[in-house]
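S.K.: structure of the sequence below:
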Amino acid sequence: MKKFFACIILIAFLVSCAPTLATAPAQPQPTQSQPAASPTAELQPRFWWRDAVFYEIFVRSFNDSNGDGIGDFNGITQKLDYLQQLGITAIWLMPIHPSPSYHGYDVINFYAVNPQYGSLADFKNLLAAAHKKGIRVIIDLVLNHTSSQHPWFLDANNNPNSPYRNWYIWSDSPQGKNWYPGKKDSYFALFSRDMPDLNYRNPDVTAQVQKITSYWLNDIGIDGFRLDAAKHLIEADAKIENTPATHDWLKNFYTYYKAAKPGSFVVGEVFGAGGFIAKTYTNQLDEVFNFELSSGFVNSANGNSNTGINSAIKLTLPKMPDGQYATFLTNHDQNRAMSLFAGNTDKAKVAAALMLTAPGTPFIYYGEEIGMKGQKPDEDIRLPMQWTTDPVSAGFTKGTPWRAPGTNTITNNVALQENDPSSLLQYYKSLIKLRNAHPALQTGSWTLVQTSITNIYASLRIEGSESILVLVNLGKDKVTDYSLSWENSPLPDRNYQVDTIFGSESVQPLNIKAGRLESYQPLPVLDPYSTNIFSLK
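M.R.: Residues are numbered from 1 along each chain as shown. A predicted model of the protein is given here:
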């Protein structure tokens, strides 16, 4: 069945592209002076992503509108109210282009959408509906490679004189790892023999990528991209990541997409990056994902200790104090957070609190907010969204789902949690609502507060005149013997009224003298796995 779909997609694309394969590739120029009018103009204040809360969606698994067992664009459109009620202000769609694989990371046409997900008109309808609700949309842009079934590669492999020959990387002698035999020479493919790398030392490739970028930003009207495998674009000798040539290419790409559509946003996947690596991508990408902080959130929630998050903060802040990075718990390449927490909802709540009160732009992986489980292989961390208690379809489809729902569908689903005030879903909603309402939690400075015991995490967020204190008991036991302190206070000396905006009500006032806070205990008792957030006035 998979091969059948792949053949249908490829035949359709070859027919549509036939006229272009006979000529040399075009070399489009940046549209720097008069970018095309965008249907999202009213949603494009500068740096809008700094205030956003993103939701990552694997289209195939989110919601099926036509009963064929495969999620689609219309299915997402049907669930926009759910996303809006959750507090989401932007969504990232994993690959939506035609592809012979289920995951879509081997693209065969950058100018079309996967017919299994619907038509381009369906996608435009989703985009318009999302924008109407104030939700921006970015899509995966897979630039490192194409599918081996892409017409560019087919022509390059079959014809040594093809105009696309130099769009890929070839060698007439065996090179070892990551090299695969073509019809005449070997080609380089970092991730898989089915994903040949593009040659970014060829300006024609860059010109084509600019054309693709402008098409989606301006002709279609999306708000930006998630750039897959950003650190691998150009290899140099034995070095396959973060090379100077890659950074130089991205600097030019940044200039191009900002000129093509001011206000567009690109977040890069630089796998494993912490503050140090993320800093090296400044003015090349708007943000990169901070894997260091991700590990800190998860490890502290899982280990009942502030050691993980405190270490990640201390490593990140010196390099990126402004919080210009993307945060997350886990994503589509990692075991799901709830599986890492062995199904413990309290730990999932604590992890959510750490992420959603931290600087950076948070990205929530679909189903994370209801505690979906999933462990590798990758197909099992990308299972159908669990809308209902139905063990067969999970409310995802009226037909047979492309893959069976997860093992905790009956207990962890939207239908059960949306009216349960103590549920993980409601916890996410409350925290997202709080974040959306308070600039200090979005873009404020981040000060780590010293705690007398490692079960407690505390931080201070400040934006303008707003100051917010975050206090989390990471442990399974209630705590009474604890205190908070700091030196060289970012707050002026004075007495502060402390008001609860999340959690327990009765709070002790706070007093700062000579730039110090000593032995402060805002609450007499901290309940197990509890989060309390206070406004200081």
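
S.K.: ok, Pro377 - how many residues close by?
M.R.: Pro377 has 8 neighbours, counted by other Cβ atoms under 10 Å. Heads up, the C-betas are built off the backbone N, CA and C, glycines and all.

S.K.: over to Val209?
M.R.: 21.

S.K.: likewise for Thr146?
M.R.: 26.

S.K.: could you do Asp204 as well?
M.R.: By other Cβ under 10 Å, the residues close to Asp204 number 16.

S.K.: A helix includes it, no?
M.R.: Yes. When DSSP: H, G, I helix; E, B strand; the rest coil is applied, Asp204 is found to be in a helix.

S.K.: confidence score at it?
M.R.: Looking at Asp204, its pLDDT reads 98.

S.K.: next: Pro174.
M.R.: Looking at Pro174, the pLDDT reads 74.

S.K.: so Lys211 lies in a helix, does it not?
M.R.: Yes. Assigned with three-state DSSP, Lys211 falls within a helix.

S.K.: and it, how close does it get to Lys79?
M.R.: Distance, Lys211 to Lys79, using Cβ to Cβ, to the nearest Å: 32 Å.

S.K.: just Asn532 next, same as before
M.R.: Distance from Asn532 to Lys79, by Cβ to Cβ: 32 Å.

S.K.: sec struct for the spatially most central residue of the chain, please.
M.R.: Geometric centre of the chain, nearest residue: Phe363, 4.7 Å, by Cα atoms, centre = their mean. At Phe363 the chain is in strand, as set by three-state DSSP.

S.K.: which residues touch it?
M.R.: 54-56, 92, 289, 326-328, 331 (Cβ atoms under 8 Å, 6 or more residues apart in numbering).

S.K.: then Asn436?
M.R.: Asn436 makes contact with 51, 53, 87, 89, 442 under the criterion Cβ under 8 Å, 6+ apart.

S.K.: can you say which of these are buried?
M.R.: 53, 87, 89, 442 (16 or more other Cβ atoms under 10 Å).

S.K.: can you list the residues you listed in CSV and add pLDDT?
M.R.: What follows is those, written out as CSV (pLDDT from 0 to 100):
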residue, pLDDT
Val53, 98
Gly87, 98
Thr89, 98
Gln442, 96
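
S.K.: so which of those residues belong to helices?
M.R.: Among those, DSSP state H puts Gln442 in helices.

S.K.: just curious, which of the buried ones among the contacts of Asn436 is nearest to Tyr482?
M.R.: Of all these, Tyr482 sits closest to Gln442, with 27.8 Å by Cβ to Cβ.

S.K.: pretty sure the closest one sits against Arg435.
M.R.: Yes. Using Cβ atoms under 8 Å, Gln442 is in contact with Arg435, at 6.3 Å.

S.K.: which non-adjacent residue is nearest Met338?
M.R.: Using Cβ to Cβ, 6 or more residues apart in numbering and skipping residues adjacent in sequence, the residue nearest Met338 is Gly371, 4.4 Å away.

S.K.: now swap in Thr361 and tell me
M.R.: Thr361 sits nearest to Ala326 (Cβ to Cβ, 6+ apart), 4.9 Å away.

S.K.: name the helix or strand for Tyr187, please.
M.R.: strand 186-188 (DSSP states H and E).

S.K.: still on that earlier bit, ok, the residue nearest to the centre of the chain to Arg193 distance?
M.R.: The gap separating Phe363 from Arg193 is 30 Å, by Cβ to Cβ.

S.K.: how near is Gln334 to Met195?
M.R.: 20 Å.

S.K.: next, Ile139: secondary structure please.
M.R.: strand.

S.K.: just checking, it touches Ile96?
M.R.: Yes. Assessed by Cβ under 8 Å, Ile139 is found in contact with Ile96 at 5.6 Å.

S.K.: which residues does stretch 273-290 contact?
M.R.: 49, 224, 227, 230-231, 242, 247, 250-251, 253-254, 265-270, 291-293, 312, 315-320, 324-328, 331, 360-361, 363.

S.K.: switch the cut-off to 7 Å
M.R.: Applying Cβ atoms under 7 Å, 6 or more residues apart in numbering, the contact partners of stretch 273-290 are 49, 227, 230, 242, 247, 250-251, 254, 265-270, 291-292, 315-316, 319-320, 324-328, 360-361.

S.K.: so who does His150 touch?
M.R.: 107-108.

S.K.: how many other residues sit next to Lys314?
M.R.: Neighbourhood size, Lys314 [other Cβ under 10 Å]: 12.

S.K.: typed the wrong thing, it's Asp237
M.R.: Applying other Cβ under 10 Å, we find 6 residues neighbouring Asp237.

S.K.: and the helix or strand containing Asp248, what does it pack against?
M.R.: Here Asp248, judged by DSSP H and E, is contained in helix 244-260. Here helix 244-260 touches helix 203-214, going by 3 or more Cβ pairs under 7 Å, 6 or more residues apart in numbering; DSSP states H and E.

S.K.: residue contacts, Leu154?
M.R.: Leu154 touches nothing, counting by Cβ under 7 Å, 6+ apart.

S.K.: regarding it, what is its secondary structure?
M.R.: Quick answer, by three-state DSSP: Leu154 is helix.

S.K.: just Ala353 next, same as before
M.R.: Ala353 - assigned by three-state DSSP - is helix.

S.K.: which residue is the nearest non-sequential neighbour of it?
M.R.: In space, Ala353 is closest to Thr531, 4.1 Å off (Cβ to Cβ, 6+ apart).

S.K.: hmm, back to that, which two of the buried ones among the contacts of Asn436 have the greatest separation?
M.R.: Gly87 and Gln442 (12.3 Å).

S.K.: buried residues of stretch 97-115, list them for me.
M.R.: Here stretch 97-115 shows 97-102, 104-114 as buried, counting by 16+ other Cβ under 10 Å.

S.K.: CA atoms of that stretch as PDB?
M.R.: Provided in PDB are the C-alpha atoms of stretch 97-115 (Å, rounded to 0.1, in the frame of the first residue of the first chain):
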ATOM      1  CA  HIS A  97       5.100  18.100   0.700                       C
ATOM      2  CA  PRO A  98       4.600  15.000  -1.500                       C
ATOM      3  CA  SER A  99       6.900  12.200  -0.400                       C
ATOM      4  CA  PRO A 100       7.200   8.400  -0.800                       C
ATOM      5  CA  SER A 101       7.600   8.000   3.000                       C
ATOM      6  CA  TYR A 102       5.000   8.200   5.800                       C
ATOM      7  CA  HIS A 103       7.100  10.900   7.600                       C
ATOM      8  CA  GLY A 104       7.600  13.200   4.600                       C
ATOM      9  CA  TYR A 105      11.300  14.200   5.200                       C
ATOM     10  CA  ASP A 106      12.200  13.000   1.700                       C
ATOM     11  CA  VAL A 107      10.500  15.500  -0.500                       C
ATOM     12  CA  ILE A 108       9.700  15.000  -4.200                       C
ATOM     13  CA  ASN A 109       8.100  18.400  -4.900                       C
ATOM     14  CA  PHE A 110       8.700  21.500  -2.800                       C
ATOM     15  CA  TYR A 111       5.900  23.400  -4.500                       C
ATOM     16  CA  ALA A 112       3.000  21.000  -3.800                       C
ATOM     17  CA  VAL A 113       1.300  19.400  -0.800                       C
ATOM     18  CA  ASN A 114       1.000  15.700  -0.100                       C
ATOM     19  CA  PRO A 115      -2.300  14.600  -1.700                       C
END
